[in-house]
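>>> need a structure here:
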Amino acid sequence: MTGRRRSHDRRLAARRPYRGAGLLARFRIRDQQHLSLCILQRPHAVRGAVAADGACDACRPACPLCPCATGKPRPGHRRPLRLYPGRRGHGDRLRHLRRVLVRVRRTGPSPASQPHRQEAGRHRSHVALCADGRVAGRRHRPDRRGMGHAAMAALEAGAVRLRHDVRGRHSPGAHRAFPYLGDHGPRRADRRDQRHHQAHLCPRHLGPAAAVGVHHSDHRRQHLEADVNDDALIDALKARLPAEAVRTDDDALTLAMHDVHVTGERPVAVVVPKDAAELASAVAAATALGHAVIPRGGGLSYTGGYAAPGPGAVTIDMQGMNRILDIAQEDMTITVQAGVTWKQINNALKPLGLRMPFIGTFSGAGATVGGGLGHGALFFGSARYGSAADNVLGMEVVLADGTLLRTGQGALAQPSKPILRSFGPDLTGLFTHDGGMFGIKTEATFRLIRTPAEQGYASFAFSDIRQAADALCEMARADLAEEIYILDPSAADAVHADASTMAKTAVSVARGAGGAFKAVKALAALAKGGTDFIPEGHFSLHLTAAGRCAAAVEADLAAAHHIASRRGGSAVTPTIPRVARAEIFANLNGVLGPRGGRWAALNAKVAHSDAHRLIDAFDAMIAPHAEEMAAHGVRYTRLVSALANHCFSFEPVFHWQDRWQPLHRSAPDPVHLAAFEEPVPNPQGRALVDRLRRETVDLFRSLGAASNQIGRTYPFRAALSPAPDHLLSTIKQALDPRGLMNPGVLGFA
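Next up is the predicted model:
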């Protein structure tokens, strides 16, 4: 190093930050994730080391990428780093560069006791990392390499991503976005102070490496991305995977950022692996470069389960892993890849006279096993057999570093058939309802049952939802049906069919009846019910009973009729449950509302004894909004169902006319889609629905209700008591120390 360069570094090291820079700011990026860069300044001792895994006050213990022989942080690397924009004057010369100024704070014992620190301390400096990895300091032209070798190595390794949130100095809200902390008193609102900010962020709370706030006097607010890192990621993925497995086209990226209701950030790439090896390789490559990975199954979430909270994420589309691996009829198990749909499983098992106890969801034509296990799938079969998670025996999961982990008996070193789930602590349960925050499921093994020889159906009409709820709870406790559910009047109206639809339904009902005589009886019942089978303004309860013989099914139906009668219900033709089973998993037309509009659902799970309390509380919450809802075309329906014999599930669904999400255009059958014209944008209605959803979620939390399909909508972590929160945080830290596995889901950033 030349004398001139050494002198330059000493002058910069001696310069104290001005007053404004002494205040610590935490720049919150959407879901309050943080980034801290640990940079070693001496190029000849740096070993290419710019570590992207520093330590913040909330997670001090480690800096694993720090180039120490022990892998533990040196004392000087345990403090948050301060990130500075350029100083006044030379910023004008370098404004065309994307840069982050980094100053390393060195603390701990005296340098005299640490020779390597004493030597390194002579070269402390402010360093500007430019877009090409070079370094720019005061009076330092952008073409001077200086200490840029370390920065360039970091960029090439993917350890640093440059993202700037650039605002004009006088733009509205330019500085209010930076909540300053510290005891230095109010900062001066002068021009110089406005141009200098600090940001403290930490990768353990971050998915993709994120933005640092920088201000320029002659720039409008914009978001500049460092394409060098995104390109490096895409190159790394393409080097490990087949070309068709890495998608960067606009259609794929746009679809991946939207679910049925929530819109997230646009991902860098969509990876479509075909097997566990490809998935593990993709996850390892992405996380090594500091990018978040977000699993996506059928894409039918409405709670933001795969909506990226920040830029730079990689979406893992699991629909490419759609093979049924094994059907063991002797052992009564089925093993499938995580991208298999419930419809695929049902179709494969039906010719064998087998089925899963939990059959699938309403959206089982497109909903996948992995998504169902991660988000609590339930419905068909759930009143007797519970949710998907209650019927899984073991899984294979890819962790954040690409490690493949098996649970249940599959966890044994000696290969074993996955028959018993809880051999020791239930590792399988750890990865159910986790929203993908612990890992990405690659395959799962479920238990099977023989298809019941007989099925029967019943429907009842009630004038009040509380009467219907009482009947449902009593039927569930008596274990009379495989599924029991209540539709409110407007929801029942939506399933009244026209003549052509009824003709198609008749064919499905006849095929599913199981024999010519049964088919005639089923068609006669369907004709008797016609299309007006629920009295106007009534709530309808529907159930499906199943058993080994007709006498057992008839006994269950007789008991259901007795309960309904005592609770004020009247029997009606069971068209709805019969058609629901006959056309199970027929299509995904339900992603659109009955009039071609949009919908967004929520759900709460409580004990049967709390059913009235939950219904009354929701009615009281929604009543004051009636006039505003009518003004913006917003209405709601309610779906009530039983989960096993002990759980009451309450699901309010908000409906309104609004511009479609991409999934609304791609999921339904083309013929069904052609019957509707896409509505005009309705931002007021959408904003009202979002506000009602927030109030509903707050209500559920106040009642201590649980929910499935948590995603990023329910405040799961915030609702936990300290002990389980600490336990889950510890597990998350162990499995995903940098927080790159679906960050933000369930409230764990």
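>>> Leu614 contacts Ala604, correct?
Yes. The pair formed by Leu614 and Ala604 meets the contact definition of C-beta atoms under 8 Å, at 6.1 Å. From N, CA and C alone the C-beta is placed, and that goes for glycine too.
>>> give me the common contacts of those two.
650, 703, 705 (C-beta atoms under 8 Å, 6 or more residues apart in numbering).
>>> quick check, nearest of these to Val745?
Val745 lies nearest to Ala705 out of the shared contacts of Leu614 and Ala604, by C-beta to C-beta, at 19.3 Å.
>>> for this protein, name the helix or strand with the lowest mean pLDDT.
None of the helices or strands of the chain scores lower by mean pLDDT, DSSP states H and E than strand 180-181, at a mean of 26.
>>> residues making contact with the helix or strand containing Leu614?
Taking DSSP states H and E as the definition, Leu614 sits inside helix 611-622. Contact with helix 611-622 is made by 465-466, 469-470, 473, 604, 606, 636, 648, 650, 652, 692, 695-696, 699, 703, 705, as judged by C-beta under 8 Å, 6+ apart.
>>> could you give the angle of the lengthiest helix in the chain to helix 611-622?
Longest helix in the chain, counting residues (DSSP state H): helix 683-702. Relative orientation of helix 683-702 versus helix 611-622 (axes from the mean of the first three to the mean of the last three C-alpha atoms, to 10 degrees): 140 degrees.
>>> next, the buried residues of helix 683-702.
Within helix 683-702, the residues that count as buried by 16 or more other C-beta atoms under 10 Å are 685-686, 688-689, 692-693, 696-697, 699-701.
>>> elements contacting it?
Other elements packing on helix 683-702 under the criterion 3 or more C-beta pairs under 8 Å, 6 or more residues apart in numbering; DSSP states H and E are helix 611-622, helix 626-631, strand 647-656.
>>> out of the ones you listed, which gets nearest to Asp259?
Short answer: strand 647-656, nearest of those by C-beta to C-beta, at 15.2 Å.
>>> please indicate which of the shared contacts of Leu614 and Ala604 are buried?
Neighbour-count burial (16+ other C-beta under 10 Å) applied to the shared contacts of Leu614 and Ala604 gives 650, 705.
>>> distance to Leu557 and pLDDT added to the shared contacts of Leu614 and Ala604, as CSV?
Formatted as CSV, the shared contacts of Leu614 and Ala604 follow (distance: C-beta to C-beta, whole Å; pLDDT from 0 to 100):
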residue, distance to Leu557, pLDDT
Phe650, 25, 98
Leu703, 33, 97
Ala705, 31, 97
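>>> now, among the shared contacts of Leu614 and Ala604, which is nearest to Ala481?
Nearest to Ala481 among those: Phe650, at 18.1 Å, using C-beta to C-beta.
>>> find the nearest non-adjacent residue to the closest one, please.
Ala604 (4.9 Å; C-beta to C-beta, 6 or more residues apart in numbering).
>>> that neighbour: neighbour count?
25 (other C-beta atoms under 10 Å).
>>> that one: what's it in contact with?
Contacts for Ala604 (C-beta under 8 Å, 6+ apart) come out as 614, 649-651, 700, 703, 705-707.
>>> tell me the one among those nearest to Gly435.
Distances from Gly435 to these, taken as C-beta to C-beta, are shortest for Ser707 (11.6 Å).
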